[in-house]
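Enquirer: Just need the structure, nothing else, for what follows:
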Amino acid sequence: MGGLTAVRGVSGRRPGGGTIPLEAQRLGLEAHASDLNPVAVLINKALIEIPPKFAGQPPVNPGAANVRSGSWPRATGLADDVRFYGQWMRDEAAKRIGHLYLKATLSDGTKANVIAWIWARTVICPNPACGIALPLVRSWWLGKKKGEEAWVVPAVNNGRVTYTIGRAPGVGPSPGEDGTVGRTGARCMNCDAAVDLQYIRAEGRDGRMSADLMAVVAEDKRTRHYLNPTDAHRQAADVGRPHQDRQLQIPQLPLAPPRTPLPLGLRTPPPDDLQTRTRRIQVVDDDRAVAESVNLDEAPVRSFY
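Expert: Sure thing, here's the model as predicted:
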């Protein structure tokens, strides 16, 4: 090694995705990593801390005997458990809350999985002669890939804002017509009235801000499809609070350091506003499914701690 001292281990701060400690461990070195970001900590625990604890051990899921017999080298046993219980969780979620996540109907009549529902926050236009639910949108564009351009086309019909998808190569919203929100406020797309930021913030603080579905994004055969919103998808998202939902305890502190003025008047939002209702139902159902998986066919449970 040209006189260099032999390296016995690697230690680093801010490891991010864990590439360096993982490679160090693969080379037989002792690896240590620390990070203030809990996401990075979770990734590194899953990469370099948990797998070695179960190296060479067989899986514990009830279907393991049908997969293979004999030894399970390295972390193959743990990997089989992750695949088994991950698929079980997915199947259980589909049975319990799959009706909340509708499939999209493509132009040829086939069904495709939805990968995104695009919503817009709305406030009532302050102009008494107008009063539409004004969407607060910075840009109407959905995709700018050459030859596959797509954007939202808003329209006002009988006092209600409707949305369709525009598609045409080389065409789309111009910079002066793209969106309704700017740095100084918003502008009503129906009556052209200026909407002050203070009004928008007051509507949000007082719970009068709403939302409307602008577009549905589906994927089929590695191709994205931008589709018009439907009432069925709106109704699927209009659900109540899940039963036995655990209330998040969030301190109502200003979103700024002490002694810093709050020109925006922002505060920590209520827990109910941090996630959509469908997302809260998913979280609660996942909690139940995990609890039930402990007794799945009386299978033993791995302990990661």
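Enquirer: out of everything not next to it in sequence, what's closest to D220?
Expert: A112 (3.9 Å; C-beta to C-beta, 6 or more residues apart in numbering). (Each C-beta comes from the backbone N, C-alpha and C, glycine too.)
Enquirer: Provide a list of residues in contact with the one you found.
Expert: 103-106, 218-220, 225 (C-beta atoms under 8 Å, 6 or more residues apart in numbering).
Enquirer: May I ask which of these has the most neighbours?
Expert: The member of the contacts of A112 surrounded by the most neighbours (other C-beta atoms under 10 Å) is A104, with 22 neighbours in all.
Enquirer: and that one, how far is that from K111?
Expert: A104 sits 7 Å away from K111, going by C-beta to C-beta, to the nearest Å.
Enquirer: Could you do D178 as well?
Expert: Applying C-beta to C-beta, one obtains 32 Å for the distance of D178 from K111.
Enquirer: Could you do P73 as well?
Expert: Spatial separation of P73 from K111 under the definition C-beta to C-beta is 41 Å.
Enquirer: If you count surrounding residues, which of those two has more?
Expert: Set side by side, P73 and K111 show unequal neighbour counts under other C-beta under 10 Å, the larger going to K111 at 12 against 9.
Enquirer: got the residue ranges for the helices in the stretch 151-300 of the chain?
Expert: According to DSSP state H, counting those that start in this stretch, the stretch 151-300 of the chain carries its helices in the segments 197-205, 231-237, 277-293.
Enquirer: Just the CA coordinates for the second one, please, in PDB.
Expert: This means helix 231-237. As requested, the backbone C-alpha atoms of helix 231-237 are provided in PDB (Å, rounded to 0.1, in the frame of the first residue of the first chain):
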ATOM      1  CA  ASP A 231     -66.800  13.600 -10.400                       C
ATOM      2  CA  ALA A 232     -66.100   9.900  -9.500                       C
ATOM      3  CA  HIS A 233     -62.500  10.800  -8.600                       C
ATOM      4  CA  ARG A 234     -63.700  13.900  -6.600                       C
ATOM      5  CA  GLN A 235     -66.200  11.800  -4.700                       C
ATOM      6  CA  ALA A 236     -63.600   9.100  -3.900                       C
ATOM      7  CA  ALA A 237     -61.500  11.700  -2.200                       C
END
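Enquirer: Which of the residues in it are classified as buried?
Expert: 233, 236-237 (16 or more other C-beta atoms under 10 Å).
Enquirer: what's the answer for stretch 11-25, then?
Expert: Neighbour-count burial for stretch 11-25, counted by 16+ other C-beta under 10 Å, picks out 15, 18, 21-22, 24-25.
Enquirer: same question for it, mean pLDDT?
Expert: Taken as a whole, stretch 11-25 has an average pLDDT of 82.
Enquirer: what sits up against it?
Expert: With contact meaning C-beta under 8 Å, 6+ apart, stretch 11-25 is reached by 9-10, 30-35, 37, 40, 43-44, 47-48, 52.
Enquirer: returning to what we had before: which one of the buried residues of stretch 11-25 is nearest to E92?
Expert: Nearest to E92 among the buried residues of stretch 11-25: G18, at 29.5 Å, using C-beta to C-beta.
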